[in-house]
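Q: Quick one: sequence and predicted model below, then my questions.
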Amino acid sequence: QVQLVESGGGLVQAGGSLRISCAASGRTFSSSPMAWFRQAPRKEREFVAAINWSGGYTVYADSVKGRFAISRDNAKNTVSLQMNSLKAEDTAVYYCAADSRPYASAHSQREQYAYWGQGTQVTVSS
């Protein structure tokens with residue numbers, strides 16, 4: 001059974017930093033792109049960042065570019081999101097996602113990610 005489990009969410013003040021991680025089990029995603037999405041209350045789930053299989057290519061939403069950094073450790077089957085200069089509007093549930101297609105490029109297409117975690121809450125207080 002494939003599982004993606006997020007961790008590291010919490011409450012942080014505006015301007016602060018937080019690192020969230022996602023651990024995959026049940027299969028390896030070392031050859032597939034992985035991504036982070038987020039969903040704020042009463043809003044659609046939106047793309048945040050994606051990374052290709054090797055970690056050599058990343059894509060970011062304009063709203064987080066320059067503040068967030070996605071990375072992965074294929075040996076540990078994990079993906080992380082370092083979030084800096086956090087703003088109140090970054091408050092959301094953050095979801096880890098994994099594409100099942102080997103060697104696909106990193107992308108923001110939600111429907112192409114076959115596996116999802118349960119989410120971790122990130123709250124930024126102003």
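A: Arrived safely, thanks for sending.

Q: C-alpha only now, for contacts and for neighbours.
A: Noted.

Q: which residues of the protein fall in helices?
A: For the chain, helices defined by DSSP state H do not occur.

Q: For the chain, which segments are assigned as strands?
A: 3-7, 10-13, 18-25, 34-39, 46-51, 58-60, 68-73, 78-83, 92-99, 113-116, 120-125 (DSSP state E).

Q: Relative to Pro41, how far out is the closest residue to Thr28 other than its chain neighbours?
A: What sits nearest to Thr28 in space, not counting adjacent residues and going by CA to CA, 6 or more residues apart in numbering, is Asn77, at 6.3 Å. Asn77 sits 30 Å away from Pro41, going by CA to CA, to the nearest Å.

Q: between the two, who's got more neighbours?
A: Asn77 (16 against 9; other CA atoms under 10 Å).

Q: quick one: pLDDT of the more buried one?
A: pLDDT, Asn77: 95.

Q: can you check Lys65 too?
A: 98.

Q: Geometrically speaking, which residue is the centre of the chain?
A: Trp36 (2.2 Å; CA atoms, centre = their mean).

Q: Roughly how far does it sit from Ser126?
A: Taking CA to CA, one finds Trp36 at 23 Å from Ser126.

Q: got it, and Gly56?
A: 34 Å.

Q: sorry, back to before: mind giving me CSV with the strands of the chain and columns for distance to Ser105?
A: Shown next, in CSV, are those (distance: least, CA to CA, whole Å):
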stretch, distance to Ser105
strand 3-7, 20
strand 10-13, 30
strand 18-25, 19
strand 34-39, 10
strand 46-51, 8
strand 58-60, 9
strand 68-73, 15
strand 78-83, 16
strand 92-99, 10
strand 113-116, 12
strand 120-125, 25
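
Q: Understood, closing this out.
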